[in-house]
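K.L.:
coords please:
(chains A, B, C and D)
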Number of protein chains: 2
Amino acid sequence: MTDSKAKPATRAKRTVVARRVTEGPAPSRTTAPAAPGNGVTTAPQRQSRIPTMQDIARASGVSQSTVSRVLTGAPTVVPINPATRERVLEVARQMRYRPNPLARGLRGARTMLLGVIVREITDPFFAGAVDAISSEANRRGYNVVLGHAHGKTDEAIALRAVLETRHCDAILLLGDTSDQPRLLEDLRDTNINVVGLWQGSVPVPGISTVSVDNRAGVAGLLAHLTDLGHKRIAFVGGGFSEGRLLGDIGERRAAFLDLMADAGLPILDNYICEVENNLRGGAASFEALMNLPVPPTAILASTDLLAIGAIHAAGRMNMMVPRDVSIVGFDDLPMAEYTNPALTSVRQPMAEMAAVGVRAAIDIAGPGGAPVVQLLAPSVVVRESSGPPPDSAR
Amino acid sequence: MTDSKAKPATRAKRTVVARRVTEGPAPSRTTAPAAPGNGVTTAPQRQSRIPTMQDIARASGVSQSTVSRVLTGAPTVVPINPATRERVLEVARQMRYRPNPLARGLRGARTMLLGVIVREITDPFFAGAVDAISSEANRRGYNVVLGHAHGKTDEAIALRAVLETRHCDAILLLGDTSDQPRLLEDLRDTNINVVGLWQGSVPVPGISTVSVDNRAGVAGLLAHLTDLGHKRIAFVGGGFSEGRLLGDIGERRAAFLDLMADAGLPILDNYICEVENNLRGGAASFEALMNLPVPPTAILASTDLLAIGAIHAAGRMNMMVPRDVSIVGFDDLPMAEYTNPALTSVRQPMAEMAAVGVRAAIDIAGPGGAPVVQLLAPSVVVRESSGPPPDSAR
DNA sequence: ATGCTGCATGCAAACGATTGAAGCATAGCA
DNA sequence: TGCTATGCTTCAATCGTTTGCATGCAGCAT
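P.N.:
Prediction:
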């Protein structure tokens, strides 16, 4: 309808001059009608409604409740004649029966759905987390429903997402959501189980959480850097919300300040950068740090995303990593192994955290147990982006 | 489990607290019993069950159907006394009523849920796609349900995921799923609308698809490389399934072969690499190519993931990009701008594709219209990873 | 009074499944 | 033959909503 002015850019000419415009609104939108324009004869009505248990029952000459018992396989309660069972199963298979989860859920049965509310799916870290959680959930017969909190989107949307969550048997919250109090509150009203992952280790009232030991991770990185001889170390931490640093990152920052003091190392002016948690932020903060009168010899980025941005900025400024400056990250994204140079980072026990989180969400039926905070230990992975400070800085 | 023998680089000193439990009642992960050992008397029962319309009705002295009419705001059908309406609304608000989407859906109402089945959420490209789709869906009041096809996981799992899809008003398929015929077949039986994105432009029988014009993208890259003077160009294409190249990538490869022939450029032995579509595959194929007797002067990677892996391998082999070899990608991941050097790539009109796909899924109520294939035009983004071939190769 | 018109509301039947209890053969036992 | 035990199946209530239809009750014209 709207795209009637199709432009045959497809292979009309086979020269297809590439539009070299860096940012094209892409006006051409070739729409190829799939069906060759024969008449409109046949009505679309392609598929016959999904059969219900009632249909199966009629077709196999039993009652609908028998069908239910056969199909759900409830062997303990009442016995079913094997012949009947077989017949019903055959008919169901033939009619391509599929249960309606809505109806099933209405009666209170488990929906076998696990809700996952994630702040930013484009953050590769959380994408990996969703993957890990999804695997673990599948392994237990659950499917994952992804709710996208979408950064600082209007709370109303988050709220709506929550409304829908009554589909789910349990909910996993990925990343700090403490800036969305209404969401948390709503969640607490529900009588389904809620587990927070990567919420930071400050206990969120009323829900269990699984987090990584941020302090241990930062300590590992700092130990590594100081072992190499670094003294001037800067911190880059991003991810804001209403002026507050988000959970995990806030903790990493606090740990940094704390542990630097413990080690007797000074933190020079402007050595603490606060930027958005993305590649651009990492690059920007790197430039800012290197333009300081006394630049740091090492940068501890609170996420790999920031570290990768910083490494890119280093290349752009013709600085060699780690010869001129060391850069270390946190999260150990898959990408960390493939930067130039490969990134020293802190690996989170992703699979284990997913397993623990899913287990907490599923196994603890109902909101019975008291909320629990679990901290899992990370480990430092040393690669190429960290080395001794330049001689000039000794 | 798997990471038990993590490199113990962590931090040998200072209180090797592997697993520091922070919060009180639970010693570790021992699900604290809900009630301290008195009888089985009190159930955990923390929050009072979510109220139903029935409850609201009782509390405000009207019938349940009136409550329904008030809360759903159906003004056209039957009039409601403003006073009554106000009273009901107030009671509902006070009792924190929330509709049960299951029951609502059971009656046939739209669930306002959009199913998205994605092959690999860890592929940053698809993560971005999910993000774009999610935004677009939210804009239209829909929420996104993510089904994880999980690579080559057993079809049964995909199947199960589909079973659950009866929650959804429509389904989006991300990435080529033609290797899962059973899934497609199942989907076709359903009477909900299915739209495929990035399925390649071969029409999938029965469903509408939205794809990018792969040929145009490859043509743009090739034009760029030949303009620079490259003649020995290799192709790296990954993403297998049962020995077959997946849709988009297969098309890119075909376009490459075709357009190289058109340009009169020979394709030397082993210049076509087939590897898995990930960073490792990109790095491996780069090494293989560079070890050929006559290595290429440029590499056209079918995805940015592969290109990034290749760039990493170049650094590891002490080769300079683009001085020694040019590398170009396809997809224009966010990361492409932040590699060293920044990657020349093909940008897909992500937002537009998401919009078109969501519109096709939602607006076209029911499977009425004939399936449509839409091709959107990409554009080349030139950055730093492509340059003229080395003099020695001229 | 008797209809008639309209507004405001209630009744009750869906929707598709689960599940306790009841029905009904048939077999076993006295 | 009568009575119970047993094995299989059906009945019917239920979950929380939506929605077509009936109903009650005004006011108003006959």
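K.L.:
list the contacts for the residue nearest to the spatial centre of chain A?
P.N.:
Centrality entry for chain A: nearest residue to the mean C-alpha point is A:Phe126, 2.6 Å, by C-alpha atoms, centre = their mean. Applying C-beta atoms under 8 Å, 6 or more residues apart in numbering or on different chains, one finds that A:Phe126 lies in contact with A:Val118, A:Arg119, A:Glu120, A:Leu174, A:Gly175. C-beta coordinates here come from the backbone N, C-alpha and C atoms, glycine included.
K.L.:
what helix or strand does it sit in?
P.N.:
Assigned by DSSP states H and E, A:Phe126 belongs to helix A:124-139.
K.L.:
how about that helix: buried residues?
P.N.:
Buried residues in helix A:124-139, counted by 16 or more other C-beta atoms under 10 Å in any protein chain shown: A:124-138.
K.L.:
do stretch A:284-293 as well
P.N.:
A:Ala284, A:Ser285, A:Phe286, A:Ala288, A:Leu289, A:Met290.
K.L.:
pretty sure the fifth one contacts A:Tyr271?
P.N.:
Yes. With contact taken as C-beta atoms under 8 Å, A:Leu289 and A:Tyr271 are classed as touching, separated by 7.5 Å.
K.L.:
which residues do the two both contact?
P.N.:
A:Ala234, A:Pro296.
K.L.:
where does whatever residue of the stretch 51-200 of chain A ends up closest to chain B sit: helix, strand or coil?
P.N.:
Nearest to chain B in the stretch 51-200 of chain A, going by C-beta to the nearest C-beta, is A:Leu146, at a distance of 3.4 Å. Put simply, A:Leu146 is strand when judged by DSSP: H, G, I helix; E, B strand; the rest coil.
K.L.:
in the sheet, which residues pair with it? Tell me.
P.N.:
In this structure, A:Leu146 bridges to A:Val116 when assessed by DSSP bridges.
K.L.:
that one is in contact with A:Asp131, isn't it?
P.N.:
No. Counting by C-beta under 8 Å, A:Leu146 stays clear of A:Asp131, with 11.3 Å between them.
K.L.:
contacts for the strand or helix carrying A:Phe286, please.
P.N.:
According to DSSP H and E, A:Phe286 maps onto helix A:279-290. The contact list for helix A:279-290 (C-beta under 8 Å, 6+ apart) reads A:234, A:236, A:238, A:270-271, A:273, A:275, A:295-296, A:299, A:301, A:305-310, A:312-314, A:316-317, A:319, A:325, A:327, B:334-335, B:337-338.
K.L.:
going along the chain, name the strands of the stretch 51-200 of chain A.
P.N.:
Per DSSP state E, counting those that start in this stretch, the stretch 51-200 of chain A carries strands over the ranges A:113-118, A:143-148, A:170-174, A:193-197.
K.L.:
next, the angle from the last one to strand A:113-118.
P.N.:
Read it as strand A:193-197. Relative orientation of strand A:193-197 versus strand A:113-118 (axes from the mean of the first three to the mean of the last three C-alpha atoms, to 10 degrees): 40 degrees.
K.L.:
quick one: strands adjacent to strand A:193-197?
P.N.:
strand A:170-174 (parallel), strand A:208-212 (parallel).
K.L.:
neighbours of A:Val382, how many?
P.N.:
16 (other C-beta atoms under 10 Å in any protein chain shown).
K.L.:
contact partners for the closest residue in space to it that isn't next to it in sequence?
P.N.:
The shortest distance from A:Val382 to any non-neighbouring residue, by C-beta to C-beta, 6 or more residues apart in numbering or on different chains, is to A:Thr344 (5.2 Å). For A:Thr344, the contacting residues are A:221, A:224, A:326-329, A:380-386, by C-beta under 8 Å, 6+ apart.
K.L.:
how close does A:Thr344 sit to B:Ala283?
P.N.:
18 Å (C-beta to C-beta, to the nearest Å).
K.L.:
A helix includes A:Met335, no?
P.N.:
Yes. According to three-state DSSP, A:Met335 belongs to a helix.
K.L.:
so it sits right up against A:Pro124, yeah?
P.N.:
Yes. Here A:Met335 reaches A:Pro124: they are 6.5 Å apart, a contact under C-beta under 8 Å.
K.L.:
between the two, what contacts are shared?
P.N.:
With C-beta under 8 Å, 6+ apart, A:Met335 and A:Pro124 have common neighbours A:Asp304.
K.L.:
mind checking how far A:Leu222 is from A:Pro79?
P.N.:
In terms of C-beta to C-beta, A:Leu222 sits 66 Å off from A:Pro79.
K.L.:
who has more neighbours out of those two?
P.N.:
Set A:Leu222 next to A:Pro79 and count neighbours by other C-beta under 10 Å: A:Leu222 wins out with 25 against 9.
K.L.:
and chain A, which residues reach DNA strand C?
P.N.:
Residues of chain A lying close to DNA strand C (C-beta under 7 Å from any atom of the strand) are A:52-54, A:64-65, A:68-69, A:71-72, A:74, A:77-78, A:98-100, A:103-104, A:106-107, A:109.
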